[in-house]
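S.K.: could you look at this predicted model? Sequence included:
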Amino acid sequence: MHSRTLLTVALLLLFTSLARAEKHMDIAHPLGPVTVTQNSDGSIVILSPKNASDEGRIDSLSTFKVPLVMTIVAKTSKDNLRLYFGQHGRFIFNWELNESQLRGNDLLSNDTIAVDHQGAVPKDQFVTIKWTIDKDSSTLEVDGQQRTVQHGDYSNLSGKIGVGAFRSRVVLKSLTVTSLSPQKAQPSEPNELDLQSDDVVVPSSLPKGTQAPANLVTDPAVIERPEFQYKTKPLPKSISSIRGLSVMVDEDGQEFGQTLDIIATIPPESRHATSSGAGIATRVGPDMRTSFEEAVRAIELRYPYWDPAHIDISFGDKYTAKDGGSAGTAMSCLMLSLLEGFEIDPKFAITGDITVDWKVRPVGGITAKLRGAYADKCLYAAIPVENEPAFTDMHLLFGDASIWNLQVFSIETLQEASALVNAKRTPQLTEAMKLFADLQPLLTANEHATLRKPETAQTLKHILELAPNHLSAKHLLALIDGTEPRTLTATATLYNLGSILHPYALLIRSGDPINKENLSYVTMSTARKRLAAIRAVTAPDLQPLVTDAAAYIEAVNNVAYNNGPISAINIRAETYQSQLRTYSTDPDFMDKLVRDGY
């Protein structure tokens, strides 16, 4: 049993104002495998041993009710600094499996929260963490910088507050709780759109005296619509939705993809306002916010003036944290749908960042996203043209069927993207998609016989004449011709090696004995099989890295099952890490990793 000590954080400060009353709180009730002591300066040390099997924490004596603000001044020695509220609420800084990812659990549903690039805090340095839980929002800040915002109905929540650690040492300097008094909402001025501070405002009226020149000609291939440089653009639709593609990271560090419903609506009252705008109704991370703002600027190049209205972007999944630029193209298509009045095909999923020049930019997680689109029963998907190498990775890792079970297109511009997702497509595109759809059941029934038929290659060539960006047709034809790539991209190789090594890294870092009880036969057998599969499709220049990874795994296996020397593990680990350092210092190799987009 680990010793536990009940400690109290003294009442250091008490003040009141019209808006709030603040007080420091009593701390007690250590839970889990944790040792708690007190320094001479009054700070509390929460020590979770390196071989702990679960998190340790200390909870408050008192129960607190929303709305409130808790302010924690603390530091961690290495991985893990954890905060808790109520039955489910939790946030983890410096998470042991991905230090940069903010990890947590939703206050209401206990669903996992994962926000990339927002989880790291300095080690051995005090930080001030403020967690504000209001009636409908939960906001987390570190040293004045916002890390995440969640939304939900938190008005009836209450619970104890806790601070904890997992296999680390946390020093808690102070913890205060502020009870927030309700504020009266200020009424909006009549006929003015209620814009939020982070909305993008779009002009609804032209400068006086603006007059269109005669003989304006519209070229559908270009971004601009000359006639709308001199008049406002109506928004004929009030609702539209599209399926975006997202990636989640599982507890074991592996990625899995899924579709995400993105919805655009125009509230009826906003059509009677005097101004226009667009905003995301759900709080999102800074990268998604930047991508959204760029999408609005891109749309304004075509339609710089909108009739009074406000476009609200929201998500089918309202509670999970969202960030990243990969929804930029999807949000652009949504705004075009409302402005131009076209319907979006609900069986089409799309991913890609966007820039103001209507270029679709590459994103990550393509392989997982496409597998998620197929699992969610999409028929079609579009990915940035620069991410095409990831499509070949999927074929090598998951078999020929991954080329043709989903019709995948590459997109280079927003014009191409909107033409694909538009339910009313051009006759050429419609024919290409139908021809490929007719091939799919034949390939399912007998892939090899279908690929050997001369008419299959002829059909694929015709599809590419009609739709040159039909990746599925292109790579299926390359498979027939024998020109399809036979090795993984460097990014896919590194990702899969990291995934295979993951359970071994956890065991070594835990400090637990390396034996049969802690390294199961299933784990060992699975790692060997996966390494053999990766070795078969790894490019020659990365084969030494695969060999070193295999040697490291066998060294650990030998210790666990044959009482081999532990020193061999250190030797193999250093050899593997040395190989990684060699690749990481090669600028050409690193540039290629960025472009692979696995």
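M.R.: Noted; the coordinates are in hand. Small disclaimer: the values here were computed from a predicted structure and weren't measured. Residues are numbered from 1 along each chain as shown.

S.K.: rest of the way, CA atoms for contacts and neighbours
M.R.: Noted.

S.K.: where along the stretch 251-400 of the chain do the strands fall?
M.R.: 255-265, 276-280, 309-315, 348-350, 353-354, 360-361, 380-384 (DSSP state E, counting those that start in this stretch).

S.K.: need the three-state assignment for L477.
M.R.: Local secondary structure at L477 is given as helix here, using DSSP: H, G, I helix; E, B strand; the rest coil.

S.K.: neighbours around it, how many?
M.R.: Using other Cα atoms under 10 Å, L477 is surrounded by 21 other residues.

S.K.: quick one: it and Q458 touch, right?
M.R.: No. Using Cα atoms under 8 Å, L477 is not in contact with Q458; the gap is 9.2 Å.

S.K.: now the strands of the stretch 251-400 of the chain as JSON lines including distance to L397, mean neighbour count and mean pLDDT?
M.R.: Listed next are these as JSON lines, based on distance: least, Cα to Cα, whole Å; neighbours: other Cα atoms under 10 Å; pLDDT from 0 to 100:
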{"stretch": "strand 255-265", "distance to L397": "14", "mean neighbour count": "20", "mean pLDDT": "91"}
{"stretch": "strand 276-280", "distance to L397": "37", "mean neighbour count": "23", "mean pLDDT": "90"}
{"stretch": "strand 309-315", "distance to L397": "31", "mean neighbour count": "23", "mean pLDDT": "93"}
{"stretch": "strand 348-350", "distance to L397": "22", "mean neighbour count": "28", "mean pLDDT": "98"}
{"stretch": "strand 353-354", "distance to L397": "25", "mean neighbour count": "28", "mean pLDDT": "96"}
{"stretch": "strand 360-361", "distance to L397": "25", "mean neighbour count": "24", "mean pLDDT": "96"}
{"stretch": "strand 380-384", "distance to L397": "18", "mean neighbour count": "26", "mean pLDDT": "97"}
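
S.K.: next, format those strands as JSON lines and append distance to D199.
M.R.: Formatted as JSON lines, those follow (distance: least, Cα to Cα, whole Å):
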{"stretch": "strand 255-265", "distance to D199": "14"}
{"stretch": "strand 276-280", "distance to D199": "5"}
{"stretch": "strand 309-315", "distance to D199": "9"}
{"stretch": "strand 348-350", "distance to D199": "24"}
{"stretch": "strand 353-354", "distance to D199": "18"}
{"stretch": "strand 360-361", "distance to D199": "23"}
{"stretch": "strand 380-384", "distance to D199": "27"}
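
S.K.: of all those strands, which one is nearest L497?
M.R.: Comparing those by their distance to L497 (Cα to Cα), the top pick is strand 255-265, with 13.3 Å.

S.K.: name the strands paired with that closest one and say parallel or antiparallel.
M.R.: According to DSSP bridges, strand 255-265 forms sheet pairs with strand 239-249 (antiparallel), strand 309-315 (antiparallel).

S.K.: please identify the helix or strand for the closest residue to S43 other than its chain neighbours.
M.R.: Of all residues not flanking S43 in the chain, K173 sits nearest, at 4.5 Å (Cα to Cα, 6 or more residues apart in numbering). Assessed by DSSP states H and E, K173 sits inside strand 169-180.

S.K.: by contact count, what packs against that strand?
M.R.: Counting contacts by 3 or more Cα pairs under 8 Å, 6 or more residues apart in numbering; DSSP states H and E, strand 169-180 packs against strand 20-24, strand 44-47, strand 68-76.

S.K.: of all these, which lies closest to Y319?
M.R.: It's strand 68-76; of the helices and strands packed on strand 169-180, that one is closest to Y319 (Cα to Cα) at 19.7 Å.

S.K.: mind listing residues that contact that closest one?
M.R.: With Cα atoms under 8 Å, 6 or more residues apart in numbering as the test, strand 68-76 has contacts from 81, 122-134, 168-180.

S.K.: pLDDT averaged over that strand - what is it?
M.R.: Per-residue pLDDT over strand 68-76 has a mean of 89.
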